[in-house]
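[1] What follows is a predicted protein model with its sequence.
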Amino acid sequence: MESTAGLDKVSLEFYKPDNFPKGLTRKVVESISHIKNEPSWLAEFRLKAFEVYEQKPMPTWGFIPQFQINIDDYVHYVGSNQKKKKSWDEVDPEILRSFEKLGIPEHERKYLAGIETMNDSETIYANVKKELTDLGILFCDIDTAIREYPELVREYLGTVVTIGDNKFSALNSCVFSGGSFAYIPKGVKTPMPLQAYFKVTAASSGQYERTLLIADEGAHLEYSEGCTSVQDKGTNFHTAVVELVAKKNSKIFYTTIQNWKKNMYNWTVKRGICEEAAHITWTDCNIGANTIKYPGIILQGDHSTGDVLSLAFAGSGQVQDTGARIIHVGKNTRSNILAKGVALDGGINSYRGLVKFEPSSKGSYSHIKCDGLMMDNRSQSHAYPYNDVSGEEGTLNYEATVSKIDDDQLFYLQSRGMSEDDAKLLIINGFCEGVTKHLDVEYSVEMTKLIKMILEDGKVIAEK
């Protein structure tokens, strides 16, 4: 392996893994690369990204101006002080207890085909069952992939979400640590979902995982991730970058349930590219945090298809600015967007979407449906669609609704013997069902429990 030759050799001093200062400097970037003993090409990738980050101004939209976010208020690397474990029995009991409190069931840990767990800036546990490796499936954390599969990582890293895409893609590119990597060979199907969990524990820190998933021709990849954080008074900043590459005739299904604490800022860039007759589905559930996130798909190849299913809850003091971006390039491409947003206890929920038809996308079609539900008079629901049909033969349907919880529905359900709280819970679950029905059974059960907890927290229903 090449050494970190791209680093500045004037100073031989680097920050220690658990002793990084607040703020983002060149030395912070160099220290991360040094700690990981990265090849020179990746060190150069990071330093180039740092230069781009410094040049780009902070955004002036979304939740950024409202909360006056200063990136230099955060520590951008927090070492786990542990080596990766191959068995849950080897993991620190305190960390295990925290995961149990945050709702990761024991049976899921034992059953999952492959699992990664990331604590702050480092993956603390990684395991892949033999049946995956026998199929030629590569699944590990991104740091291991850089070390063991450098040709694949170098070929695809930063090709779907470029360094210069926006300020936060540059931020992630210069300080990323942890995250998932998967490569599914031609014609192979994952026998069960690959899974990852990401957790933030350190106060006033940033977490910047990087995920790269590649489905080769005719492959089928199913991946699910859960994200959560420890509740405390300090804020955290989270910026992930996810890149999906779906080769000809392949399929990728990506599910996220983000259950962050409320006083966290989350700006995540997720994008996939579909080659000929390929398909990508993003299923995206956002709970907690102030969020800016629009999973995107570039339908590059003819006959490629893409779906984005988005669900967001905005409670007190929260802004959920979520949606989707889909670019139709190939002929006869198809896309579908279903976005559901719930605002309660004074929260602000927004759908922000872009669907674009390039002139080359003849015979293409897109359907967009976004629904907002407000639980009280203090909450807000908005829709900011941007639809650009440049071609002459594309078809786009857009529909949107904003409503409040229906008193007639409540009365009817109560007249059938339900309590007011149970009636509200039934209505909300029915509203969300268009997205949640696509979740695996375990995640569907978890989501139902989370919805109940959200409504209790927002005083929509009484805590039992």
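    Looks like it arrived, so ask away. Numbering: from 1, shown residues only.
[2] neighbours around Phe411, how many?
    Per other C-beta atoms under 10 Å, the neighbour tally for Phe411 reads 12. In this view, the C-beta of every residue, glycine as well, is placed from N, C-alpha and C.
[3] and the helix or strand hosting it, what's its mean pLDDT?
    Assigned by DSSP states H and E, Phe411 belongs to helix 407-415. When pLDDT is averaged along helix 407-415, the result is 91.
[4] If you count neighbours, what's buried in it?
    Under the neighbour-count criterion of 16 or more other C-beta atoms under 10 Å, helix 407-415 has 410, 413 buried.
[5] Show residues contacting it.
    420, 422-424, 426-427 (C-beta atoms under 8 Å, 6 or more residues apart in numbering).
[6] tell me which of those is nearest to His382?
    Ile427 (21.4 Å; C-beta to C-beta).
[7] Show me the shaky parts of this structure.
    Where the chain drops to pLDDT under 70, the residues are 1-12, 80-127, 230-232, 391, 441-442, 464.
[8] next one: stretch 147-163 to chain centre, how far?
    Relative to the centre of its chain, stretch 147-163 is centred 18 Å away, using C-alpha atoms, centre = their mean, to the nearest Å.
[9] in it, what's buried?
    Those would be 147, 150, 152-153, 156-158, 160-161, 163, for stretch 147-163 by 16+ other C-beta under 10 Å.
[10] Could you say which helix or strand holds Cys174?
    helix 167-175.
[11] That helix packs against which elements?
    helix 26-35, helix 40-55, strand 241-246, strand 264-274 (3 or more C-beta pairs under 8 Å, 6 or more residues apart in numbering; DSSP states H and E).
[12] Please convert those to JSON lines, extending it with mean neighbour count.
    Shown next, in JSON lines, are these (neighbours: other C-beta atoms under 10 Å):
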{"stretch": "helix 26-35", "mean neighbour count": "21"}
{"stretch": "helix 40-55", "mean neighbour count": "18"}
{"stretch": "strand 241-246", "mean neighbour count": "26"}
{"stretch": "strand 264-274", "mean neighbour count": "24"}
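[13] out of these, which comes closest to Thr190?
    strand 241-246 (13.5 Å).
[14] OK, contacts around Ala462?
    421, 456.
[15] which phi and psi does it have?
    With angles defined as degrees, to the nearest 10, Ala462 sits at phi -80, psi 140.
[16] I'd like to know how far it sits from Lys262.
    20 Å (C-beta to C-beta, to the nearest Å).
[17] now Ser350
    Distance from Ser350 to Lys262, by C-beta to C-beta: 17 Å.
[18] So for these two, which residue has more residues nearby?
    Between Ser350 and Lys262, counting by other C-beta under 10 Å, Ser350 is the more crowded of the two (25 against 18).
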